[in-house]
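**Student:** sequence isn't available, so here's the structure alone:
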(Lines give C-alpha, C1' and ligand atoms only; values in the text may rest on other atoms or scores of the structure.)
Protein backbone atom coordinates (compact mmCIF):
# COMPACT_ATOMS: atom_id res chain seq x y z
CA UNK A 1 0.00 0.00 0.00
CA UNK A 2 1.32 3.41 -0.95
CA UNK A 3 1.62 6.21 1.63
CA UNK A 4 -0.21 8.97 -0.24
CA UNK A 5 1.00 11.84 1.96
CA UNK A 6 4.63 10.77 1.72
CA UNK A 7 4.44 10.19 -2.06
CA UNK A 8 2.81 13.59 -2.49
CA UNK A 9 5.51 15.36 -0.47
CA UNK A 10 8.23 13.69 -2.58
CA UNK A 11 6.41 14.67 -5.79
CA UNK A 12 6.19 18.29 -4.59
CA UNK A 13 9.91 18.41 -3.78
CA UNK A 14 11.30 16.54 -6.79
CA UNK A 15 8.61 16.79 -9.46
CA UNK A 16 6.07 19.28 -10.70
CA UNK A 17 2.53 19.75 -9.46
CA UNK A 18 -0.16 22.29 -10.18
CA UNK A 19 -2.37 23.43 -7.30
CA UNK A 20 -5.93 24.64 -7.73
CA UNK A 21 -8.91 23.55 -9.77
CA UNK A 22 -8.71 26.30 -12.42
CA UNK A 23 -5.04 25.67 -13.14
CA UNK A 24 -5.60 21.90 -13.03
CA UNK A 25 -8.38 22.17 -15.64
CA UNK A 26 -6.18 24.38 -17.85
CA UNK A 27 -3.31 21.91 -17.62
CA UNK A 28 -5.59 18.96 -18.40
CA UNK A 29 -6.78 20.69 -21.57
CA UNK A 30 -3.13 21.05 -22.63
CA UNK A 31 -2.60 17.31 -22.12
CA UNK A 32 0.30 17.46 -19.66
CA UNK A 33 -1.44 16.03 -16.60
CA UNK A 34 -0.58 12.48 -15.49
CA UNK A 35 -2.73 12.24 -12.34
CA UNK A 36 -5.33 14.37 -10.60
CA UNK A 37 -5.86 14.37 -6.86
CA UNK A 38 -9.16 15.70 -5.51
CA UNK A 39 -9.90 16.26 -1.81
CA UNK A 40 -12.89 14.31 -0.48
CA UNK A 41 -14.78 17.50 0.45
CA UNK A 42 -14.33 19.29 -2.88
CA UNK A 43 -17.55 21.07 -3.92
CA UNK A 44 -19.54 18.95 -6.37
CA UNK A 45 -19.50 21.52 -9.20
CA UNK A 46 -15.69 21.54 -9.15
CA UNK A 47 -15.32 17.77 -8.88
CA UNK A 48 -17.83 17.26 -11.73
CA UNK A 49 -15.84 19.62 -13.98
CA UNK A 50 -12.61 17.85 -13.10
CA UNK A 51 -14.14 14.40 -13.68
CA UNK A 52 -15.56 15.47 -17.05
CA UNK A 53 -12.26 16.81 -18.38
CA UNK A 54 -10.34 13.89 -16.87
CA UNK A 55 -12.51 11.47 -18.86
CA UNK A 56 -11.95 13.46 -22.05
CA UNK A 57 -8.20 13.61 -21.42
CA UNK A 58 -8.01 10.01 -20.13
CA UNK A 59 -6.32 11.21 -16.93
CA UNK A 60 -6.83 9.12 -13.78
CA UNK A 61 -8.35 10.72 -10.69
CA UNK A 62 -7.51 9.83 -7.10
CA UNK A 63 -9.89 10.92 -4.34
CA UNK A 64 -7.79 12.03 -1.36
CA UNK A 65 -9.35 10.69 1.84
CA UNK A 66 -8.72 13.86 3.84
CA UNK A 67 -10.27 17.31 3.58
CA UNK A 68 -8.98 20.15 1.44
CA UNK A 69 -7.34 21.56 4.60
CA UNK A 70 -5.50 18.25 5.04
CA UNK A 71 -4.42 18.24 1.39
CA UNK A 72 -3.21 21.83 1.70
CA UNK A 73 -1.22 20.89 4.80
CA UNK A 74 0.45 17.94 3.01
CA UNK A 75 1.37 20.33 0.18
CA UNK A 76 2.93 22.71 2.71
CA UNK A 77 0.37 25.42 2.02
CA UNK A 78 -1.42 27.49 4.68
CA UNK A 79 -4.71 27.27 2.74
CA UNK A 80 -7.19 24.72 1.40
CA UNK A 81 -6.24 22.74 -1.70
CA UNK A 82 -9.23 21.02 -3.27
CA UNK A 83 -7.57 19.85 -6.48
CA UNK A 84 -4.06 19.33 -7.75
CA UNK A 85 -2.48 17.90 -10.87
CA UNK A 86 0.70 15.86 -11.07
CA UNK A 87 2.55 16.74 -14.27
CA UNK A 88 5.89 15.25 -13.25
CA UNK A 89 6.06 12.74 -10.37
CA UNK A 90 9.79 13.30 -9.84
CA UNK A 91 11.26 10.64 -7.53
CA UNK A 92 7.89 9.63 -6.03
CA UNK A 93 5.77 6.62 -6.85
CA UNK A 94 2.57 8.68 -6.74
CA UNK A 95 1.47 7.53 -10.20
CA UNK A 96 0.85 4.08 -8.69
CA UNK A 97 -2.32 5.63 -7.26
CA UNK A 98 -3.69 5.64 -10.81
CA UNK A 99 -3.57 1.85 -10.78
CA UNK A 100 -5.74 1.55 -7.66
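**Tutor:** Looks like it came in fine. Not measured: the values here are computed from a predicted model. Residues are numbered from 1 along each chain as shown.
**Student:** for the residue minimising distance to the centre of the chain, which three-state class applies?
**Tutor:** By CA atoms, centre = their mean, the mean C-alpha position of the chain lies nearest to residue 37, the distance being 2.6 Å. Classification of residue 37 by DSSP: H, G, I helix; E, B strand; the rest coil places it in strand.
**Student:** show me what it is bridged to.
**Tutor:** Taking DSSP bridges, one obtains residue 62, residue 84 as the residues bridged to residue 37.
**Student:** residues contacting it?
**Tutor:** For residue 37, the contacting residues are 8, 61, 62, 64, 71, 83, 84, 85, 86, 97, by CB atoms under 8 Å, 6 or more residues apart in numbering. Where you see a C-beta, it was placed from the backbone N, CA and C, and this is true even at glycine.
**Student:** let me know the pLDDT of residue 100.
**Tutor:** For residue 100, the model assigns a pLDDT of 58.
**Student:** my bad, residue 2
**Tutor:** Note for residue 2: predicted pLDDT of 82.
**Student:** kindly indicate which of the contacts of residue 37 lies nearest residue 42.
**Tutor:** Of all these, residue 83 has the smallest distance to residue 42: 6.3 Å, by CB to CB.
**Student:** from residue 91, how far out is the closest one?
**Tutor:** Distance from residue 83 to residue 91, counting by CB to CB, to the nearest Å: 23 Å.
**Student:** which residues in the chain form strands?
**Tutor:** Assigned by DSSP state E, the strands in the chain fall at 16-19, 35-39, 61-64, 83-88.
**Student:** what's the burial count for residue 5?
**Tutor:** Applying other CB atoms under 10 Å, we find 16 residues neighbouring residue 5.
**Student:** list the contacts for it?
**Tutor:** Residue 5 is in contact with residue 74, counting by CB under 8 Å, 6+ apart.
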